[in-house]
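Asks: no sequence on this one, just coordinates:
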């Protein structure tokens, strides 16, 4: 699987077991920008902030030769959820289509969506995991819609909310005097 390089996901790092000229490597020392280290051939590290992180790897061969390299990794902030309803004010019985407008700065696509339409009376249709859902509001009141997007199970946005106002349909019942 591709790495997200999201600030909340561990960055997986691997080193070969042989150096230049086929020398067998038997010692590894990874040094991270937060001054932590790891001394295994393969490791992972989770960062607490986004930005360009310089990771240094020192290796030593069985013959005592030392090699080192430093590589930059761009660590991205969590995705940002946002959405646009096609109509935030409607009459009861109407449907609202929601368009996800959230984004992620990394190269991985947004691959999970969670919506809660604030309409508990609608049962199972109160929740959706599609990218751009619609919801039919049968009762008049104000509804708070919630939306979250994700890149991985740990790289998710904050919950964003929006308001949908559903009004009662006009009552067009009228009476007229008898005999007219």
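Replies: Happy to help now that I have it. Here the structure is a predicted model, which is why all the values come from computation and not from measurement.
Asks: For the chain, which segments are assigned as strands?
Replies: Using DSSP state E, the strands assigned to the chain run over residues 11-13, 25-31, 37-38, 43-45, 51-61, 66-75, 83-85, 89-91, 94-100, 112-116, 127-128, 134-137, 141-150, 160-167.
Asks: can you tell me which of those strands comes nearest to residue 5?
Replies: strand 66-75 (5.6 Å; C-beta to C-beta). Every C-beta, even on glycine, is put in place using the N, C-alpha and C of the backbone.
Asks: Are there helices or strands packed against that closest one, and which ones?
Replies: strand 51-61 (3 or more C-beta pairs under 8 Å, 6 or more residues apart in numbering; DSSP states H and E).
Asks: quick one, the strand it packs on and strand 25-31 angle?
Replies: Inter-element angle recorded for strand 51-61 and strand 25-31: 160 degrees (by axes from the mean of the first three to the mean of the last three C-alpha atoms, to 10 degrees).
Asks: what helices or strands is strand 51-61 leaning on?
Replies: Counting contacts by 3+ C-beta pairs under 8 Å, 6+ apart, strand 51-61 packs against strand 25-31, strand 66-75.
Asks: can you give me the angle the last one makes with strand 51-61?
Replies: With the same axes, to 10 degrees defining the directions, strand 66-75 sits at 160 degrees from strand 51-61.
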